[in-house]
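[1] fold the following for me, if possible:
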Amino acid sequence: MTDPCLPECGVARFLTLLNGPWATLIVRELLHGPHRFTELRHALPGISPHTLTSRLRQFERHGIVTRTTYAEIPPRVEYALTPLGEGLRDVLDAMGNWAMAVPDPVADVSV
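    Have a look, this model is predicted:
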């Protein structure tokens, strides 16, 4: 069953699920393994707690991320990619490779 809020077009759906730069960077960090909330905040300088919480909840709702709470004192919560989320590895690798092939106009300026 598809979410009625998600577009039919695959590219539009991708952009809806990974809207904004923070979403992609959160996935990039989680590709290295499970992270706690504070670890993600430290890895992403400038992200607000509200934005990080919002993106993680959205990812959890769509089955991209799991949230595991450990019954410890103090409680420990970890976020990890699901197999669906792990599928983004090839997408992000392709995006990174493409971006690195784009010439830097500043580096190409001759003095």
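
[2] which residues in the protein form helices?
    Using DSSP state H, the helices of the chain run over residues 10-17, 20-30, 37-43, 49-61, 83-86, 88-101.

[3] please name whichever of those is nearest to residue 75.
    Across these, residue 75 has its closest neighbour in helix 37-43 (11.2 Å, C-beta to C-beta). Bear in mind the C-beta positions are built from the backbone N, C-alpha and C, glycine included.

[4] who are the packing partners of that closest one?
    When contacts are defined as 3 or more C-beta pairs under 8 Å, 6 or more residues apart in numbering; DSSP states H and E, helix 37-43 packs onto helix 20-30, helix 49-61, strand 76-81.

[5] could you say which one of the ones you listed comes nearest to residue 103?
    helix 20-30 (21.6 Å).

[6] measure how buried residue 64 is and give me the count.
    Residues near residue 64, counting by other C-beta atoms under 10 Å, number 24.

[7] still on that earlier bit, out of the helices of the chain, which gets nearest to residue 76?
    helix 37-43 (10.0 Å).

[8] can you tell me the average pLDDT over stretch 84-96?
    Stretch 84-96 carries an average pLDDT of 93.

[9] related to what we said a few turns ago, just the helices of the chain: most buried one?
    helix 20-30 (a mean of 18; mean count of other C-beta atoms under 10 Å).

[10] scan the helices and strands of this structure for the one with the lowest mean pLDDT.
    Sorting the helices and strands of the chain by mean pLDDT, DSSP states H and E puts helix 10-17 at the bottom, at a mean of 82.
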